[in-house]
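**Q** Here you go, sequence then predicted model.
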Amino acid sequence: MSSVSVSSNGIGVANLPNQKHKIISGKGTNFTVMVCGESGLGKTTFINTLFTTTIKNYKSQAKRHDKQLDKTVEIEITKAELEEKMFKVKLSVVDTPGFGDYINNRDSWQPIIDFIDDQHENYMRQEQQPSRQGKIDMRVHACLYFISPNGHRLKSLDVELMKRLGSRVNLIPIIAKADTLTPNGLQKFKQHVRESISKNNITIFSSAVESEDEETTARNQSIASASPYSIIGSTETVQTADGRQVRGREYSWGVAEVENDNHCDFKKLRNLLIRTHMLDLISSTEEIHYEHYRQQEMASRKFGEPKLKKSENPKLREKEEALRKTFTEKVKSEEARFRQWEQQLISERDRLNKDLESQHANIKKLEAELNYLYRQGGGRTQTVKR
Ligand SMILES: Nc1nc2c(ncn2[C@@H]2O[C@H](COP(=O)(O)OP(=O)(O)OP(=O)(O)O)[C@@H](O)[C@H]2O)c(=O)[nH]1
Ligand SMILES: [Mg+2]
């Protein structure tokens with residue numbers, strides 16, 4: 001974790017009215033951003049880009065070790081402290097494993113939903129304690145949802161997941177790898193995503209555009225109309241044709257620049273997060289999403305009672321299901337074997353009984369013959385008795 005200062009035009013809390021300044025600057029505020037979406041869309045790269053472009057001395061160049069670009073396999077949190085004058089923001093960025101490789105994708109996105117709910121749960125439990133000092137707050141204030149630029153349309157998996165996310169967190173849709181689309185293709189795709197979002201009733205983060213001064217209204221307007229935000233991620237510094245050193249991706253046709261508004265919306269998105277809408281994101285998390293969670297949970301359990309049953313790990317659930325199936329099959333086959341054995345015993349018993357009966361009949365016959373012989377033998381009649 002590094003304590004550093006921001007390079008852009010100040011962090012959001014520095015622009016607040018005085019009263020709010022005081023509240024926030026005293027203890028510093030937590031601000032948590034999460035990234036999620038299909039595998040390989042550049043989520044981890046985006047986090048590295050955000051840190052290197054936002055924070056002046058984010059790890060010195062010499063010993064900088066960006067987050068590994070290997071496939072992200074578990075939820076990882078990177079923290080930094082943004083400090084401007086007397087304002088402190090504890091920034092946490094939550095990286096999540098991408099999905100798309102599983103037969104059942106639920107396995108990969110359920111932990112993301114659980115993570116968001118768990119942070120609300122933890123905060124609520126802390127609020128219910130007698131001492132509410134020093135609460136740990138990791139509630140997610142913004143969830144950046146990465147959309148693949150290749151599909152030309154929003155996938156049903158994206159729609160399903162965005163619906164779930166939008167109802168519990170400030171959802172911000174992102175078009176990944178904008179450098180792989182032509183400017184025209186990007187605009188068309190943006191329009192398609194906007195239409196799909198509204199058609200499917202997906203709730204995304206939006207905030208008031210109107211402001212007292214025209215400049216702010218225009219800036220808000222430009223930020224709002226750019227959604228869904230297109231992103232180019234890169235931590236490399238490359239040289240443009242006109243000799244500028246910029247963060248970007250180099251191609252034979254030129255350089256795709258991260259911080260160029262004509263190439264992508266990275267700057268707008270960063271401004272929205274760190275500067276212009278940070279407070280909106282914090283307050284809507286508190287007033288809408290956390291409050292919604294709290295009310296929902298309070299309706300189903302008593303004050304202070306722990307959550308009844310945490311949604312189970314879907315992988316474990318599937319394993320459990322498979323075990324249960326094998327177990328039932330085993331029991332069934334054992335039962336069949338047992339019944340067969342029982343049947344064999346019964347027929348063996350019947351056979352022995354029949355044997356016994358015929359032995360009895362034989363004995364009876366012999367006795368009768370014996371009696372007959374005695375009677376034939378005259379006077380000394382004696383009945384054979386068994
Ligand atoms: N063209 C292009 N490639 C990118 C961009 N951002 C990242 N990449 C590349 O895409 C590949 C995957 O990037 P990651 O950042 O690991 O992707 P991820 O979304 O974190 O992947 P998972 O961890 O598997 O979910 C890497 O080779 C990156 O260099 C981008 O904006 N444009
Ligand atoms: Mg990753």
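**A** Now that the structure is in, tell me what you want to look at. This structure is a prediction, so every number in the text was calculated from the model and none was measured. Numbering: from 1, shown residues only. Ligands and ions are numbered 1, 2, ... in the order given.
**Q** count of neighbours near Thr203?
**A** Counted with other C-beta atoms under 10 Å, the neighbours of Thr203 add up to 16. (Each C-beta comes from the backbone N, C-alpha and C, glycine too.)
**Q** Quick check: phi and psi on it?
**A** phi -90, psi 120 (degrees, to the nearest 10).
**Q** quick one, what contacts it?
**A** Thr203 sits next to 166-167, 171 when contact means C-beta atoms under 8 Å, 6 or more residues apart in numbering.
**Q** Let me know the distance separating it from ligand 1.
**A** Relative to ligand 1, Thr203 is positioned 24 Å away (C-beta to the nearest ligand atom, to the nearest Å).
**Q** Ok, Lys332 next?
**A** 42 Å.
**Q** which stretches of the stretch 251-386 of the chain have low pLDDT?
**A** Where the stretch 251-386 of the chain drops to pLDDT under 70, the residues are 303-305, 308-315, 379-386.
**Q** Helices of that one, start to end?
**A** Remark: helices assigned in the stretch 251-386 of the chain by DSSP state H, counting those that start in this stretch are 266-270, 278-284, 291-300, 314-376.
**Q** Pipe these into JSON lines and attach distance to ligand 2 and mean neighbour count per row.
**A** Compiled in JSON lines, these are given as follows (distance: least, C-beta to the ion, whole Å; neighbours: other C-beta atoms under 10 Å):
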{"stretch": "helix 266-270", "distance to ligand 2": "17", "mean neighbour count": "22"}
{"stretch": "helix 278-284", "distance to ligand 2": "23", "mean neighbour count": "20"}
{"stretch": "helix 291-300", "distance to ligand 2": "27", "mean neighbour count": "12"}
{"stretch": "helix 314-376", "distance to ligand 2": "19", "mean neighbour count": "11"}
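**Q** now for the ones you listed, which one comes closest to Ile204?
**A** helix 278-284 (11.7 Å; C-beta to C-beta).
**Q** counting contacts, what elements does the closest one pack onto?
**A** Using 3 or more C-beta pairs under 8 Å, 6 or more residues apart in numbering; DSSP states H and E, the elements in contact with helix 278-284 are strand 29-37.
**Q** same thing but 10 Å
**A** For helix 278-284, the packing partners by 3 or more C-beta pairs under 10 Å, 6 or more residues apart in numbering; DSSP states H and E come out as helix 18-27, strand 29-37, strand 87-95, strand 142-147.
**Q** Quickly note the distance from the residue sitting nearest the centre point of the chain to ligand 1.
**A** In the chain, the centroid-proximal residue (C-alpha atoms, centre = their mean) is Ile112; its distance is 1.8 Å. In this structure, Ile112 lies at 11 Å from ligand 1, with C-beta to the nearest ligand atom as the measure.
**Q** isn't that residue right up against Lys43?
**A** No: contact criterion C-beta atoms under 10 Å: Ile112 and Lys43 do not qualify, at 11.5 Å.
**Q** and for those two, which residues touch both?
**A** Shared contacts of Ile112 and Lys43, defined by C-beta atoms under 10 Å, 6 or more residues apart in numbering, comprise 34-37, 96-97.
**Q** Just the buried ones from those?
**A** For those, a burial check counting by 16 or more other C-beta atoms under 10 Å picks out 34-37, 96-97.
**Q** So which of those sits lowest on pLDDT?
**A** Among these, Pro97 has the lowest pLDDT, at 89.
**Q** which residues touch Glu121?
**A** Listed by C-beta under 10 Å, 6+ apart, the contact set of Glu121 reads 114, 293-294, 297, 306-307, 310.
**Q** Can I get those residues in a markdown table including distance to ligand 1?
**A** Below are these laid out as a markdown table (distance: C-beta to the nearest ligand atom, whole Å):
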| residue | distance to ligand 1 |
| --- | --- |
| Asp114 | 18 |
| Tyr293 | 26 |
| Arg294 | 31 |
| Glu297 | 30 |
| Pro306 | 32 |
| Lys307 | 28 |
| Lys310 | 24 |
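**Q** how distant is the helix or strand that contains the residue nearest to the centre of the chain from the center of its chain?
**A** According to DSSP states H and E, Ile112 maps onto helix 106-127. In terms of C-alpha atoms, centre = their mean, to the nearest Å, the centre of helix 106-127 is found 9 Å from the chain centre.
**Q** then that helix to PDB, C-alphas only?
**A** Taking Å, rounded to 0.1, in the frame of the first residue of the first chain, the C-alpha atoms of helix 106-127 are listed here in PDB:
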ATOM      1  CA  ARG A 106     -22.500 -19.100 -12.300                       C
ATOM      2  CA  ASP A 107     -19.400 -20.500 -10.600                       C
ATOM      3  CA  SER A 108     -17.400 -17.500 -11.700                       C
ATOM      4  CA  TRP A 109     -19.800 -14.700 -11.000                       C
ATOM      5  CA  GLN A 110     -21.500 -15.800  -7.800                       C
ATOM      6  CA  PRO A 111     -18.400 -14.900  -5.800                       C
ATOM      7  CA  ILE A 112     -18.500 -11.400  -7.200                       C
ATOM      8  CA  ILE A 113     -22.200 -10.900  -6.100                       C
ATOM      9  CA  ASP A 114     -21.300 -12.500  -2.700                       C
ATOM     10  CA  PHE A 115     -18.300 -10.100  -2.300                       C
ATOM     11  CA  ILE A 116     -20.600  -7.100  -2.700                       C
ATOM     12  CA  ASP A 117     -23.200  -8.400  -0.400                       C
ATOM     13  CA  ASP A 118     -20.600  -9.500   2.200                       C
ATOM     14  CA  GLN A 119     -19.300  -5.900   2.400                       C
ATOM     15  CA  HIS A 120     -22.800  -4.600   3.100                       C
ATOM     16  CA  GLU A 121     -23.300  -7.400   5.600                       C
ATOM     17  CA  ASN A 122     -20.000  -6.700   7.400                       C
ATOM     18  CA  TYR A 123     -20.700  -3.000   7.600                       C
ATOM     19  CA  MET A 124     -24.200  -3.600   9.000                       C
ATOM     20  CA  ARG A 125     -22.900  -6.000  11.600                       C
ATOM     21  CA  GLN A 126     -20.400  -3.400  12.700                       C
ATOM     22  CA  GLU A 127     -23.100  -0.800  12.900                       C
END
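**Q** Having no further points to raise, I will conclude here.
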